[in-house]
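[1] next come a sequence and a model predicted from it.
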Amino acid sequence: MNIKSVLLCRVSSKEQEESGYSLPAQEKLLRSYAENKGFEATKIFTISESASGKKQRETFNLMFAFVKKNNIKIIVIEKVDRFTRNFKDSVDMYKWLEEDEERQLHSVKDSIILHKNSRSQEKLNWDIRVVFAKNYIDNLSEEVKKGQKEKIAQGWLPTKPPIGYKTVGDKGHKIHIIDENTAPLVKKMFECYATGNYSLKRLTETVHQEGLRTAGGRKIPFYISKNRWNGELYDGKQEPLIEEGLFNKVQQVLKSKTTPKYSKHDYLFKGLLRCKECEGVITWEIQKGHVYGHCNHYRNCTQDSWVKEPDIELQLLEAFKGLEIKSKRFAEWIKKALKESHKDEIIYHSSSVGELGKQHDLLKQRLDRLYDDKLDGKITLEFYQKKFKQYSDQLKSIDKSLGNHTNASIKYFELGMNFYELSQRSPDIYKRALLDQKRLLIRLVFEKLILVDEKLEYAYTKPFEILHNAVTTTNSSKMLKEVVLKEEIFEPQEMIDTTIQNGDFEDHRSILLPRVDSNHKP
């Protein structure tokens, strides 16, 4: 009767697999050895180079659990460094052998057979091989870490890039470039989620239908030329796939408590209306082919009215019309006020750029002096590295601010003019918009929408509120005769400042309105 045994095969590198030193080759060798010894190979455990350290440990533990449970006395391996490269595994093996005199460990190529009563010289032979195997793996790990550290210092991520990028170049000189096949889908994913109209599940389904396949849900700064490695952020040399502003906008939406939850149906006003009495979110559902909204009475609310979605839309269109200016003279005055306020912004822009330039030059001088002090031995290497990082980070921040100011003047004027155009055409834009665009327009114009029985109450966002107050006054019969609107009623500079502070308008207005021509003169 053959003695039961288990075989352990392991290949540690791709080079070994490619050179024929594969798992099947080891299995063939171990099967032949077991057959010659009269052992029955009950089970084969295998560990490939692609397995993680955790997975390798799981396989090792499973093997010992299996032999103990099935009372198997023999373990056959190829050689010591195929079995273990750390002292813990060796200790576990000795413990297993000590529990039963019949248990044996056969290392085929090392010609070692260990058991409880093995001579000290045989155990020493084994232990020395374990030490060498551990030393080899420690040196290999050290060299890998050194290579990874150098790679990240050069601005390249020492691992596979996230989806949207691909790896090119020869071994040792590989870099990451934008993947023309998946990059557009990644950009679309960020742009969609930044609108605030998508739940994560809905976004996943959308990009999946477009052909994008990805895993994980971590914040990935790689897309804005930042590499995260060992918990630290490094500047990367890869071309950014998306703008930093869009990336940060998505992070804000992810953290927001109002991020949409997944729903089988996409309702226009989902998450946008609240009950006035209990302040709960209005629920929407389909009944007999019509979309109705109603309060869920989570807080003992007494409102029991159900309202049709089209009825709310009609009331919403009236709210949009509340922004339309009937007086042509007032309309022209607003345009003129926008242009005048642009002049003040140019003055501020120039002074800001000048101050940033001075700070930039000062930091460059400090870096030069710091380098000279290091060469002269006046400061330690540790102090040099600390101050160099401090000054370099400040310099990068200033360079970023200067870059932001470069287009500030044009964007400032565009923002004001697009705000005016959007406010005057909002009913028409709304009627022609798709569902997501309608939701976006509603978020831009209205601070809140409240349902009282079947009536809609609303409050404009700050810039549109200021405009609405001015429009209400000027559209009255008396004020239509006025030549100029008094400053106490409408202050153009305040309108522009508030619009800019709102943030959402700048982020999303290009979806609803075309961008002002680059040759446009204020």
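    Ah, there it is.
[2] doesn't residue 201 lie inside a helix?
    Yes - assessed by DSSP: H, G, I helix; E, B strand; the rest coil, residue 201 belongs to a helix.
[3] show me the shaky parts of the stretch 51-200 of the chain.
    51-53, 82, 85-87, 133, 136-138, 140-141, 197-198, 200 (pLDDT under 70).
[4] tell me the helices in it, going along the chain?
    53-69, 80-83, 87-98, 120-153, 183-194, 200-210 (DSSP state H, counting those that start in this stretch).
[5] which neighbouring elements make contact with the second one?
    The reference is to helix 80-83. strand 3-10, strand 104-107, helix 120-153 (3 or more CB pairs under 8 Å, 6 or more residues apart in numbering; DSSP states H and E). All C-beta spots, glycine's among them, are computed from the backbone N, C-alpha and C.
[6] how about those in CSV, adding mean neighbour count?
    Shown next, in CSV, are the helices and strands packed on helix 80-83 (neighbours: other CB atoms under 10 Å):
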stretch, mean neighbour count
strand 3-10, 22
strand 104-107, 21
helix 120-153, 14
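[7] excluding chain neighbours, what is closest to residue 394?
    residue 363 (5.7 Å; CB to CB, 6 or more residues apart in numbering).
[8] helix or strand right after the stretch of helix or strand that neighbour belongs to?
    Taking DSSP states H and E as the criterion, residue 363 maps to helix 328-375. Downstream of helix 328-375, the first helix or strand assigned by DSSP H and E is helix 381-406.
[9] follow-up on the earlier one: residue 429 is nearest to which of the helices of the stretch 51-200 of the chain?
    Proximity to residue 429 (CB to CB) singles out helix 183-194 among the helices of the stretch 51-200 of the chain, at 18.9 Å.
[10] which parts of the closest one are buried?
    In terms of neighbour count (16 or more other CB atoms under 10 Å), helix 183-194 has its buried residues at 183, 185, 186, 187, 189, 190, 192, 193, 194.
[11] other SSEs contacting it?
    helix 200-210, helix 244-255.
[12] and those, which one is worst for confidence?
    Lowest mean pLDDT within these: helix 200-210, a mean of 65.
[13] name the next helix or strand downstream of it, please.
    With DSSP H and E, the next secondary element past helix 200-210 is strand 226-229.
[14] and residue 440, how far is that from residue 422?
    Going from residue 440 to residue 422 by CB to CB, to the nearest Å gives 11 Å.
[15] likewise residue 309?
    23 Å.
[16] ok, residue 396 - contacts?
    residue 235 (CB atoms under 8 Å, 6 or more residues apart in numbering).
[17] for residue 374, see how far away it is.
    20 Å.
[18] cool, and residue 123?
    Taken as CB to CB, the span from residue 123 to residue 374 is 54 Å.
[19] what's the span of stretch 78-96, first residue to last?
    Stretch 78-96 has its terminal residues 19 Å apart, counting by CA to CA, to the nearest Å.
[20] buried ones in it?
    So stretch 78-96, judged by 16+ other CB under 10 Å, has buried residues 78-85, 89-90, 93-94, 96.
[21] contacting residues around stretch 267-279?
    258, 260, 263, 280-282, 284, 291, 293, 295, 297-303, 309, 312-313, 435, 438-439, 442-443, 448-452, 456-457.
[22] my bad, stretch 98-117
    So stretch 98-117 is in contact with 29-30, 33, 37, 73-80, 83, 93, 96-97, 122-123, 125-126, 129, going by CB under 8 Å, 6+ apart.
[23] let's see 6 Å
    33, 73, 74, 75, 76, 77, 78, 79, 80, 97, 126 (CB atoms under 6 Å, 6 or more residues apart in numbering).
[24] so of those residues, which ones are in strands?
    74, 75, 76, 77 (DSSP state E).
[25] hang on, residue 234 is in a strand, isn't it?
    Yes - counting by three-state DSSP, residue 234 is found in a strand.
[26] okay, now it: neighbour count?
    17 (other CB atoms under 10 Å).
[27] show me what contacts it?
    Per CB under 6 Å, 6+ apart, neighbours of residue 234: 152, 227.
[28] where does it land on pLDDT?
    79.
[29] I'd like the distance between it and residue 178.
    Distance from residue 234 to residue 178, by CB to CB: 19 Å.
[30] and residue 93, by the same measure?
    Distance from residue 93 to residue 178, by CB to CB: 50 Å.
[31] ok, residue 156 next?
    Taking CB to CB, one finds residue 156 at 14 Å from residue 178.
[32] ok, now residue 431?
    Residue 431 is 38 Å from residue 178, by CB to CB.
[33] could you do residue 461 as well?
    36 Å.
[34] equivalent analysis for residue 96, please.
    53 Å.
[35] doesn't residue 77 make contact with residue 8?
    Yes - if you go by CB atoms under 6 Å, residue 8 and residue 77 touch, sitting 4.9 Å apart.
[36] burial measure for residue 46, as a count.
    15.
[37] state the pLDDT value of the residue lying closest to it once chain neighbours are set aside.
    For residue 46, ignoring the flanking residues on the chain, the nearest one in space by CB to CB, 6+ apart is residue 9 at 4.7 Å. pLDDT recorded at residue 9 is 86.
[38] how far away is residue 9 from residue 26?
    From residue 9 across to residue 26, the span is 4 Å (CB to CB).
[39] ok, now residue 297?
    Applying CB to CB to residue 297 and residue 26 gives a distance of 68 Å.
[40] and those two? Which one has more around it.
    residue 26 (23 against 15).
[41] quick one on the thing from earlier: which one's more surrounded, residue 309 and residue 422?
    A count of neighbours by other CB under 10 Å puts residue 422 above the other of residue 309 and residue 422, at 19 against 15.
[42] tell me which element that one is part of?
    helix 408-432.
[43] list the buried ones in stretch 383-396?
    Of all the residues in stretch 383-396, those buried under the rule 16+ other CB under 10 Å are 384, 387, 391, 394, 395.
[44] kindly state the domain boundaries assigned to the protein.
    The record's domain split for the chain, according to automatic domain parsing, is 3-147, 165-255, 340-409.
[45] as TSV, these with distance to residue 319 would be great.
    Below are the domains of the chain laid out as TSV (distance: least, CB to CB, whole Å):
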stretch	distance to residue 319
domain 3-147	57
domain 165-255	20
domain 340-409	26
